[in-house]
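A.B. asks: no sequence on hand, only this structure:
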């Protein structure tokens, strides 16, 4: 896979840290990596955004590209409209990704919020860019109560657009998971209709970059270049039947 779209079931669930982990593993394997952020919102000019966070955690050799930056923490279409700036179009995202893919082994496109967040006044979403690229979508989900519903809705939205989820990542696995989180380990693949491809530990972004890069491969499954085992994780974390 040359291009992977990293989307999620909502906002603040671990998309950036997931992007950094996949990047770190790819870099460690000798692959060249580019990270594309179609729209960065809620960050002022000159402040570090999600792409800079990926670079901080995974390595400075990553190529990063933002197509637009809007100061207010809103959906990209609304943020652009309020700022009086041009909105981001799916064909622009696809064109930028294709250009990066010509010179890199792996291109990761990190979306804003959930899959169906609007980027322009026509209602275009990250899924439209994924369709133009025929790119797989890695879905990042939360661990706890409510995640089965949002994960299944995201998977249905992908399939309605003739896309299929590459798999599901748990964006933050609690140090002390509650019963709902533990049950969801077994249920997430069923709801997504796709495999569980990894789980990032709670607080992964707070690790020193060197420790983050060392650990990244143990948080991702073989499909993403790591050594994490879904079967072993599920056997360890999922509760036994009552």
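C.D. replies: That came through, no problem. Treat the numbers as computed from the prediction; the structure is a model and nothing was measured.

A.B. asks: so where's the longest strand in this protein?
C.D. replies: Identified as the longest strand of the chain according to DSSP state E is strand 165-173.

A.B. asks: pull up the pairing partners for it, direction included.
C.D. replies: strand 137-141 (parallel), strand 196-201 (parallel) (DSSP bridges).

A.B. asks: turn these into a markdown table, including distance to residue 150, mean neighbour count and mean pLDDT.
C.D. replies: Every residue, glycine included, has its C-beta placed from N, CA and C. Formatted as a markdown table, the strands paired with strand 165-173 follow (distance: least, CB to CB, whole Å; neighbours: other CB atoms under 10 Å; pLDDT from 0 to 100):
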| stretch | distance to residue 150 | mean neighbour count | mean pLDDT |
| --- | --- | --- | --- |
| strand 137-141 | 7 | 27 | 98 |
| strand 196-201 | 15 | 24 | 98 |
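
A.B. asks: any chance of a markdown table for those strands, columns distance to residue 59?
C.D. replies: Formatted as a markdown table, those follow (distance: least, CB to CB, whole Å):
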| stretch | distance to residue 59 |
| --- | --- |
| strand 137-141 | 19 |
| strand 196-201 | 17 |
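
A.B. asks: between those strands, which gets nearest to residue 105?
C.D. replies: Closest to residue 105 of the strands paired with strand 165-173, according to CB to CB: strand 137-141, at 16.5 Å.

A.B. asks: what does the closest one rub up against?
C.D. replies: Residues outside strand 137-141 that contact it (CB atoms under 8 Å, 6 or more residues apart in numbering): 4-9, 13-15, 18, 22, 115, 127, 130, 147, 150-151, 154-155, 158, 163-171, 188, 192, 194, 197, 224.

A.B. asks: just for the protein, where's the confidence low?
C.D. replies: Applying pLDDT under 70 to the chain flags residues 1, 241-242.

A.B. asks: quick one: the helices in it?
C.D. replies: Along the chain, the stretches classed as helices by DSSP state H are 15-28, 50-58, 76-83, 90-101, 126-133, 147-160, 179-192, 209-219, 230-237.

A.B. asks: what about residue 206, neighbour count?
C.D. replies: 9 (other CB atoms under 10 Å).

A.B. asks: could you chop this protein up by domain?
C.D. replies: Domain ranges of the chain: 20-135, 137-237, per automatic domain parsing.

A.B. asks: and of the strands paired with strand 165-173, who's closest to residue 87?
C.D. replies: Closest among these, using CB to CB: strand 137-141, at 21.5 Å.

A.B. asks: quick revisit: between the strands paired with strand 165-173, which one is closest to residue 56.
C.D. replies: Nearest of those (CB to CB): strand 196-201, 15.7 Å.

A.B. asks: hang on, the earlier thing: out of the strands paired with strand 165-173, which comes closest to residue 57?
C.D. replies: strand 196-201 (11.0 Å).

A.B. asks: and for that closest one, what's in contact with it?
C.D. replies: 14, 17-18, 21, 138, 143, 166-173, 175, 185, 188-189, 215, 219-221, 223-224, 226, 228, 230, 233-234.

A.B. asks: please pick the buried ones from the residues you listed.
C.D. replies: Buried members of the contacts of strand 196-201, counted by 16 or more other CB atoms under 10 Å: 14, 17-18, 21, 138, 143, 166-173, 185, 188-189, 215, 219-221, 223-224, 226, 228, 230, 233.

A.B. asks: for the closest residue to residue 127 other than its chain neighbours, give me its contacts.
C.D. replies: Of all residues not flanking residue 127 in the chain, residue 161 sits nearest, at 5.0 Å (CB to CB, 6 or more residues apart in numbering). Applying CB under 8 Å, 6+ apart to residue 161 gives the contacts 127, 128, 130, 131.
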